[in-house]
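J.: return a 3D structure for these sequence lines:
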Amino acid sequence: MSILTNRLKVNFHIDTIERDFVFIRFKRDKNSKWWGAEELDRIIGEDYKAMSVGYAQYAYAMFDKKSNDTYALLQKLRTDPKFASVSAIEVKPQTVYTGNDECICEVTLARLLINSLGSSRSKFKHLHFSNLTGALLKVPPLTNKLYDAIGVAEITLIRDDSQNNEFLLKVSVPSYRKKVSILKEYKGTAELKKILKRPEYIFHSGTATLRRWLPSDGKETDPTKSYIQCGKQGKKLHTNFLEFESIEKLYKSRAGILFQLFNSIQEYLSEYMSVNFSILEIDHSIELKNTLLKSPKQLHSKLDGQAIHIVDKVNDEDSTNLVITLKEFLLPYITNEKLITVGKRDKENTLNFRIIHDAEFYEKNGQKDEYLPSTDRFQRQHLTIESTKNVSKPIVKTIIKEQLIKRDISSRTLNLFDWAKLQLKGIWTFADWDEDTDHVIFMEIQPNGDFEFYEIDGQDILFNWQKFEKYRKFMTEGSSGDKIETLEGLVISDAGDINQIFLTEEISIPDVFKIEAILKEVEIELPEDKQSGDELADIVEEFLQEASDLDVEKFESFSSELRKIGSQPISKRDFKSLIAQYLGTTRKVGDKDIDVSSTSEATRFRDYLLDQYQIRLKFPQDNQSKEDLFDASLNIKYFGETEKEAYYFVGDRKEKVQFSFKDACHLRKIVAVDDSKLIFRQLLETMDVDFVRTGQSTVIPFPFKYIREYKNFGVAK
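T.: Okay, here's the model as predicted:
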């Protein structure tokens, strides 16, 4: 099997690039950042009309050679007082850097060409891009009725130093908010002054996008109509990686934006560069199927006989109601309700659920913060009254599994995972960096699932220093001694083989090309010769003759209803409603599709329409279709294995796929250090668990979750 990733393979056509474009490099007298630089927006404004701008060490602009005399352009820039602190020279395009500093090449050249898509205007507003302050942006279609906050997709190209002219395409969606809202929310804070120094954008009615407000525009902007990049305090804007409920939602998702950009590159830039997504061959796949938390019954064995204690440290009407609700939601997970008690103090050997205020409340009121860390004697899980007044079943499931992990840590025994099934020999070790204390924490796991923690820093001998210090060098940058930024941990086998885990910016991409085609088939109206009630009734009666084991009475009633419409056309939407009314539909019960009113007959009829008349009524949700379309986002995939390296990613469970994927799957790189062997493949099953991220699989082996929780433990008291 093979999958696509966001890695672009680029082949530049230098001759045609030189024929059509002029590239200017800008350098400031003082070395400073170009992000948000006013000069870049002036370059793409009315005075200069650059096709695109971008920046790396220097800033660059691309101009249409047909519309610009290079000498005159440079003279204009050099005499413009707005560019008094900036020097400008022409640079020539070339494929790779060869030591000539007066060139533009590789990722910088690719960025300028891609950013020029901001000058390409599709007749469809939802496909528009814009190039502001050195980045390619996709602004959602705007109208004169402006939203208070909008998500603007920022598309960037990242250099991959391991491959020439292979770059990673990345989409992020920061929040842009009206200036008036920012002034109100951040009033009186030190942060406001910093925010107001950022570029300010105003609505451009001609393109229905944003453009930079410049001092030359005159008086200050209307704060009810201008935008600044800024998030809401305490909240993070999230845009799903992939949506496929409709074409509109697909195009708004991050994968859909990548797809649109790729299509625009093919349409507008193919003369200047050939671009293709990278294709990876998958060597090994593990289906995600372990679901410890799926139903209360699955947790009974883990909670059998376990005492649970609710500690109310707030003691008001809201907390009293929370105690009642929490107790009610905990009952399905235990076998005896007498195991749940309520009190004012924590109990040993008990799962303590503590109801407290948040830190801000205690700080404002000058009171002692009631938060207490877990210890080997006391397992504690906190619920703040401010955020959990309305506790839900998912919240309760999450706090239960967090307590069970803490119980494992206290007992130093794995109870949530059968470690013995991995059939690993000897002690295996996992190492993670504690950013807060600059320590390395090690977790040693015995073949039977018993484990112990150790920690070292570079100076003090906390535990067995000589035993563990040798591993520290594989976690730090050689020159600075700081932790390697992309390193997520070490795994060490009983034989001493050491593998590093690195997070990469490369992501897998489902088959968006097929997904778009299917959605178009779903949303297109019925064919002209299959739109009337009579024409559709003929198909129903034809199907009734060809298929067997059908509820004839239902189909005859369905046909009769269509005959009433006669020669009048019917919309696809109304046709689908009639199918649901007469032949059945599905409804969701928990995680399963339940047949309602002979749904299988409706499915068979829809399949007949697709096979015989190419009429698609719904997006396919069967397992085979999920595998065909979303294989790049499902299960555990392991690939690219050599003697010293391999890659993997962890996706979603097939049964969880509905109409979206929240996040992309990042590829992770495994490296065997020095003379070590590659051992990580033996640990793939440690990610087929749902107790690290509730209901989802973890993206690195679950022992790292135990290490993170251990970091938060306090001294026994």
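
J.: show me the residues around the closest residue in space to D663 that isn't next to it in sequence that make contact.
T.: Closest residue to D663 apart from its sequence neighbours, by Cβ to Cβ, 6 or more residues apart in numbering: F241 at 5.4 Å. Bear in mind the C-beta positions are built from the backbone N, C-alpha and C, glycine included. Listed by Cβ atoms under 8 Å, 6 or more residues apart in numbering, the contact partners of F241 are S253, R254, A255, F661, K662, D663, A664.

J.: my guess is E243 meets S253, correct?
T.: Yes. Counting by Cβ atoms under 8 Å, E243 touches S253, with 4.2 Å between them.

J.: which neighbours do those two have in common?
T.: With Cβ under 8 Å, 6+ apart, E243 and S253 have common neighbours S660.

J.: show me the contact partners of the biggest helix by length in the chain.
T.: If you go by DSSP state H, the chain has its longest helix at helix 393-411. With Cβ under 8 Å, 6+ apart as the test, helix 393-411 has contacts from 292-293, 299, 302-303, 306, 326, 329-330, 333, 351, 353, 374-377, 379-381, 383, 388, 414-416, 691, 694-695, 705-706, 709-710, 713.

J.: which of these fall within helices?
T.: Short answer: these in helices (DSSP H) are L299, K302, L303, L326, F329, L330, K705, Y706, E709, Y710.

J.: with adjacent residues omitted, what lies nearest to the first one?
T.: Leaving aside its chain neighbours, L299 sits nearest to Y333 (5.1 Å; criterion: Cβ to Cβ, 6+ apart).

J.: do the same with the fifth one
T.: Using Cβ to Cβ, 6+ apart and skipping the chain neighbours, the partner closest in space to F329 is V396 (4.2 Å).

J.: now do the helices in the stretch 201-350 of the chain.
T.: Along the stretch 201-350 of the chain, counting by DSSP state H, counting those that start in this stretch, helices occupy 247-252, 254-268, 296-303, 317-330.

J.: CA-only coordinates of the second one in PDB, if you can.
T.: Extracted C-alpha coordinates of helix 254-268, given in PDB (Å, rounded to 0.1, in the frame of the first residue of the first chain):
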ATOM      1  CA  ARG A 254      -6.500  22.100   6.400                       C
ATOM      2  CA  ALA A 255      -6.100  19.100   4.100                       C
ATOM      3  CA  GLY A 256      -8.600  20.800   1.700                       C
ATOM      4  CA  ILE A 257      -6.600  23.900   1.600                       C
ATOM      5  CA  LEU A 258      -3.400  21.900   0.800                       C
ATOM      6  CA  PHE A 259      -5.400  20.200  -2.000                       C
ATOM      7  CA  GLN A 260      -6.600  23.600  -3.400                       C
ATOM      8  CA  LEU A 261      -3.100  25.000  -3.300                       C
ATOM      9  CA  PHE A 262      -1.700  21.900  -5.100                       C
ATOM     10  CA  ASN A 263      -4.300  22.300  -7.800                       C
ATOM     11  CA  SER A 264      -3.500  26.000  -8.200                       C
ATOM     12  CA  ILE A 265       0.200  25.200  -8.500                       C
ATOM     13  CA  GLN A 266      -0.600  22.800 -11.300                       C
ATOM     14  CA  GLU A 267      -2.900  25.300 -13.000                       C
ATOM     15  CA  TYR A 268      -0.800  28.500 -12.700                       C
END
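
J.: which strands or helices does that helix pack on?
T.: Helix 254-268 sits against strand 135-138, strand 153-159, strand 166-172, strand 242-243, helix 247-252, strand 273-286, helix 512-523, with contacts defined as 3 or more Cβ pairs under 8 Å, 6 or more residues apart in numbering; DSSP states H and E.

J.: what separation do you get for the most centrally placed residue in the chain and A255?
T.: Centroid-nearest residue in the chain: D663, 2.8 Å away (criterion: Cα atoms, centre = their mean). Going from D663 to A255 by Cβ to Cβ, to the nearest Å gives 11 Å.

J.: check what pLDDT W419 gets.
T.: Here the pLDDT value assigned to W419 is 97.

J.: without its sequence neighbours, what residue ends up closest to it?
T.: G449 is the one closest to W419 (Cβ to Cβ, 6+ apart), at 3.9 Å.

J.: and the one you found, how many residues sit next to it?
T.: For G449, the count of nearby residues is 18 (other Cβ atoms under 10 Å).

J.: mind checking how far it is from T413?
T.: 6 Å.

J.: same thing with D538?
T.: Separation of D538 from T413 (Cβ to Cβ): 68 Å.

J.: where does the stretch 501-650 of the chain have low pLDDT?
T.: 585-599 (pLDDT under 70).

J.: quick one, strands of it?
T.: 585-589, 592-596, 636-639, 645-650 (DSSP state E, counting those that start in this stretch).

J.: that's a helix at E685, yeah?
T.: Yes. Assessed by DSSP: H, G, I helix; E, B strand; the rest coil, E685 belongs to a helix.

J.: residue contacts, the residue nearest to L299?
T.: P296, L299, H300, L303, V396, I400.

J.: redo that, cut-off 10 Å
T.: 295-300, 302-303, 306, 308, 396-397, 400 (Cβ atoms under 10 Å, 6 or more residues apart in numbering).

J.: what do you get for P447?
T.: Taking Cβ under 10 Å, 6+ apart, one finds W419, A420, L422, Q423, L424, K425, G426, I427, W428, D494 in contact with P447.

J.: these two touch, right, the fifth one and Q682?
T.: Which is L424. Yes. Using Cβ atoms under 10 Å, L424 is in contact with Q682, at 6.5 Å.

J.: the two - which one has more neighbours?
T.: It is L424, of L424 and Q682, that has more neighbours when counted by other Cβ under 10 Å, with 17 against 14.

J.: pretty sure I3 belongs to a helix, no?
T.: No. Judged by three-state DSSP, I3 forms no part of a helix; its state is strand.

J.: so it touches D628, yeah?
T.: No. With contact defined as Cβ under 10 Å, I3 does not reach D628; the gap is 11.7 Å.

J.: just the CA trace of stretch 698-717, in CSV.
T.: Only the C-alpha atoms of stretch 698-717 are listed here, as CSV (Å, rounded to 0.1, in the frame of the first residue of the first chain):
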residue,chain,number,x,y,z
THR,A,698,-1.3,7.3,21.7
VAL,A,699,1.3,8.5,19.1
ILE,A,700,4.4,7.4,21.2
PRO,A,701,4.7,4.3,23.4
PHE,A,702,2.4,4.6,26.5
PRO,A,703,5.3,4.4,29.1
PHE,A,704,6.1,8.0,28.2
LYS,A,705,2.6,8.9,29.6
TYR,A,706,3.6,7.2,32.8
ILE,A,707,6.8,9.2,32.9
ARG,A,708,4.9,12.4,32.4
GLU,A,709,2.5,11.6,35.2
TYR,A,710,5.4,10.6,37.5
LYS,A,711,7.0,14.1,36.9
ASN,A,712,3.9,15.6,38.6
PHE,A,713,4.0,13.4,41.6
GLY,A,714,5.0,15.0,44.9
VAL,A,715,6.8,13.5,47.9
ALA,A,716,4.8,11.0,49.9
LYS,A,717,2.6,12.7,52.5
